[in-house]
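Novice: With the sequence up front, the predicted model follows.
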Amino acid sequence: MRSNGHGVPVVALDIDGTLGDYHRNWFDFATRYFGQSPREWDPELPNPGLKLWEYMGIEQHAYREAKLAYRQGGWKRWMPAYPGASELTRSIRSAGAEVWLCTTRPYLRLDNVDPDTREWLRRNGIEYDAILFDRLESRGSKYVELYAQAGSRVACVVDDLPEMVEEAARIWYADRVILRDQPYNQHFPWPRRASNMTALRGQVLKEIKIWEQEQ
């Protein structure tokens, strides 16, 4: 880490679905795993709030087995990064803030999760100062851990999942939490949205300035 002292703002970025096109990568794997046509599982189509296994029309146990194979097979090393993801992280650090990556990837359950994640970051030129994994994969503990380590230094949080956005908003001000706009979160009425990295970069840099002015 470049710095872990007081007075330095932190921008928390989710990885899957925020910096990288997780759903496209997952559907690509799932199509091969289940032997189904990708037209039946189109990641571009809106999902009205269903669990992913429900949206795909498969049993939950089959989804969990496929997800384990996906994680063990190193597929996350090949996940496409969204255009502008690298530039976003560089801009944040150039503005004097730290980039903390927060993910629900279960690094305590699978030995390859941490190295696969760091290799993906290296391949795609994603700059960062810290990575927080969700130790219990409990859909919320990553931001509890972020608060424990960074507290009021958090100037902005960006995530693609409604439940994660709500969790972050309960800890910090709701207007500091930005939803990465995706087809599967259109049902969620959140006012702070960014549909691409250019829009996201502008919002994040604005939040860094607001945080600095409040200190």
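Specialist: Arrived safely, thanks for sending. In this text the structure is predicted, and so the values were computed from the model without any measurement. Numbers count the residues shown, from 1 in each chain.

Novice: tell me what the one helix or strand in the chain whose mean pLDDT sits lowest is packed against?
Specialist: When each helix and strand of the chain is scored by mean pLDDT, DSSP states H and E, helix 52-56 comes last, with a mean of 88. If you count contacts as 3 or more CB pairs under 8 Å, 6 or more residues apart in numbering; DSSP states H and E, helix 52-56 packs onto helix 60-72. In short, each C-beta sits where N, CA and C put it, glycine included.

Novice: if we look at the helix it packs on, which residues are touching it?
Specialist: Residues outside helix 60-72 that contact it (CB atoms under 8 Å, 6 or more residues apart in numbering) are 26, 29-30, 33-34, 51-53, 56, 58, 76, 105-106, 110, 112-113.

Novice: What is the lowest-pLDDT residue among those?
Specialist: Lowest pLDDT within the contacts of helix 60-72 is found at residue 110 (55).

Novice: need the strands for the chain, in chain order.
Specialist: Ranges of strands within the chain are 10-14, 98-103, 130-133, 154-159, 177-180, 193-194, based on DSSP state E.

Novice: what would these look like in JSON lines with distance to residue 42?
Specialist: Below are those laid out as JSON lines (distance: least, CB to CB, whole Å):
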{"stretch": "strand 10-14", "distance to residue 42": "23"}
{"stretch": "strand 98-103", "distance to residue 42": "25"}
{"stretch": "strand 130-133", "distance to residue 42": "30"}
{"stretch": "strand 154-159", "distance to residue 42": "23"}
{"stretch": "strand 177-180", "distance to residue 42": "19"}
{"stretch": "strand 193-194", "distance to residue 42": "21"}
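
Novice: Check those strands for me: which has the lowest mean pLDDT.
Specialist: Among these, strand 130-133 carries the lowest mean pLDDT (a mean of 90).

Novice: ok, the residue lying farthest from the centre of the chain to residue 50 distance?
Specialist: Here the chain reaches farthest from its C-alpha mean at residue 35, the gap being 27.8 Å by CA atoms, centre = their mean. Per CB to CB, to the nearest Å, residue 35 is found 22 Å from residue 50.

Novice: what about stretch 187-195, how long is it end to end?
Specialist: End-to-end distance of stretch 187-195 (CA to CA, to the nearest Å): 15 Å.

Novice: So which bits of the least confident helix or strand of the chain are buried?
Specialist: With burial defined by 16 or more other CB atoms under 10 Å, the residues of helix 52-56 counted as buried are 52, 53, 55, 56.

Novice: Can you tell me which of the residues you listed is nearest residue 16?
Specialist: residue 52 (11.7 Å; CB to CB).

Novice: Find the nearest non-adjacent residue to that closest one, please.
Specialist: Excluding the flanking residues, the one nearest residue 52 by CB to CB, 6 or more residues apart in numbering is residue 63, at 6.9 Å.

Novice: What ranges in this protein fall below the confidence cut-off?
Specialist: The chain contains residues with pLDDT under 70 at 1-6, 37-39, 106-111, 135-140.

Novice: Could you chop it up by domain?
Specialist: 10-21+81-214, 23-78 (automatic domain parsing).
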